[in-house]
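Visitor: prediction below, plus the sequence it came from.
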Amino acid sequence: MDDFGGGLVAAAHELKTPLTLVRQLSLQLAETKDDAARAEIARRIRLTSERSLRLVDNLTRAARLESAMFEMEPVLLSGLCHEVVDELSPLSLALGQEFQIKVGKSPLVAVGNRDLLRSLVMGLVDNALQYNAPGASIEISTRIRRNEAELAVRDHGSTMDLAEFRRLKESLGLRAMPIAARPLSSGLGLLIAQKFALAMNGHLSVERHRHGGLTFRAHLPASQQMSFVSAGQP
């Protein structure tokens, strides 16, 4: 199947689940009389709809990526992490999960397009929320390694057979880290995140953990002007 056909299949697959859930919730809403229950159902519909809209927005951006001109600039990663966490906190609370942000005291600045980088991080965190164990935390961290700015998103999901992990990793075109047992999601969100990373002269890698869960890492060029932060950063 060509890239276009494959992209359509992936998009249909990714959107089918939330749309089915919204339909089910809307039916529950029509049948529920209790005000508190109706409010909770309405909240779940909103959160599910927002996730679908994020995916559609990123899919549209990815489709236009090759023909679009975008500015590369220094981006403060700690501010970006907090911004993404603030936006996704309602979803994490609804799923009974929490975030841990681990960033160093020194400012870590990557070179990239802020909108693309924000969408990339949003995609990785959103993916982690779908696979994380109930009650577990999602860890978001940054570091400099080998002159690269590295942003990592770690979940504590289930494990999976190594052979299947390798097959799924290959289907995404991600670079594996040396450890490693749960499959990579073959979802569209990760494919889009990889495309955004490549467009910014970076790439994604993945590590699977022996006791469950995955860590996705975005590797980007580090800014040589570490004291400079692009305008508007928190």
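Guide: Yes, it's here. Residues are numbered from 1 along each chain as shown.
Visitor: now the element after the helix or strand of the chain with the lowest mean pLDDT, going C-ward?
Guide: One helix or strand of the chain scores below all others by mean pLDDT, DSSP states H and E: strand 175-176, with a mean of 52. Note on strand 175-176: by DSSP states H and E, the next helix or strand toward the C-terminus is helix 188-199.
Visitor: go through that next one and flag the buried ones.
Guide: 188-197, 199 (16 or more other C-beta atoms under 10 Å). For every residue, glycine as well, the C-beta is placed using N, CA and C.
Visitor: and stretch 74-88, by the same measure?
Guide: Those would be 74-82, 84-85, 88, for stretch 74-88 by 16+ other C-beta under 10 Å.
Visitor: which of those sits closest to residue 51?
Guide: residue 88 (9.1 Å; C-beta to C-beta).
Visitor: and the strand or helix carrying that closest one, what does it pack against?
Guide: Applying DSSP H and E as the criterion places residue 88 in helix 77-94. The helices and strands touching helix 77-94, judged by 3 or more C-beta pairs under 8 Å, 6 or more residues apart in numbering; DSSP states H and E, are helix 35-63, strand 98-102, helix 114-131, strand 137-145, strand 148-154.
Visitor: redo that, cut-off 6 Å
Guide: helix 114-131 (3 or more C-beta pairs under 6 Å, 6 or more residues apart in numbering; DSSP states H and E).
Visitor: may I have the helix it packs on as CSV, with CA atoms only?
Guide: The C-alpha trace of helix 114-131 is given here as CSV (Å, rounded to 0.1, in the frame of the first residue of the first chain):
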residue,chain,number,x,y,z
ARG,A,114,7.9,25.8,18.3
ASP,A,115,4.6,24.8,16.9
LEU,A,116,5.9,21.5,15.5
LEU,A,117,7.8,20.7,18.6
ARG,A,118,4.8,21.4,20.8
SER,A,119,2.7,19.1,18.6
LEU,A,120,5.4,16.5,18.8
VAL,A,121,5.5,16.5,22.6
MET,A,122,1.7,16.6,22.8
GLY,A,123,1.6,13.5,20.6
LEU,A,124,4.1,11.6,22.8
VAL,A,125,2.3,12.5,26.0
ASP,A,126,-1.1,11.8,24.6
ASN,A,127,0.2,8.4,23.4
ALA,A,128,1.6,7.7,26.9
LEU,A,129,-1.8,8.5,28.5
GLN,A,130,-3.5,5.9,26.4
TYR,A,131,-1.1,3.1,27.4
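Visitor: and the spatially most central residue of the chain, what does it touch?
Guide: Nearest to the mean C-alpha position of the chain, by C-alpha atoms, centre = their mean, lies residue 124 at 1.7 Å. Going by C-beta atoms under 6 Å, 6 or more residues apart in numbering, residue 124 touches 153, 193, 216.
Visitor: can you add pLDDT and give these back as JSON lines?
Guide: Below are the contacts of residue 124 laid out as JSON lines (pLDDT from 0 to 100):
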{"residue": "153", "pLDDT": "96"}
{"residue": "193", "pLDDT": "86"}
{"residue": "216", "pLDDT": "91"}
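Visitor: which phi and psi does residue 109 have?
Guide: As for residue 109, its main-chain torsions (degrees, to the nearest 10) stand at phi -120, psi 130.
Visitor: from residue 78, how far off is it?
Guide: 9 Å (C-beta to C-beta, to the nearest Å).
Visitor: can you check residue 118 too?
Guide: Residue 118 is 13 Å from residue 78, by C-beta to C-beta.
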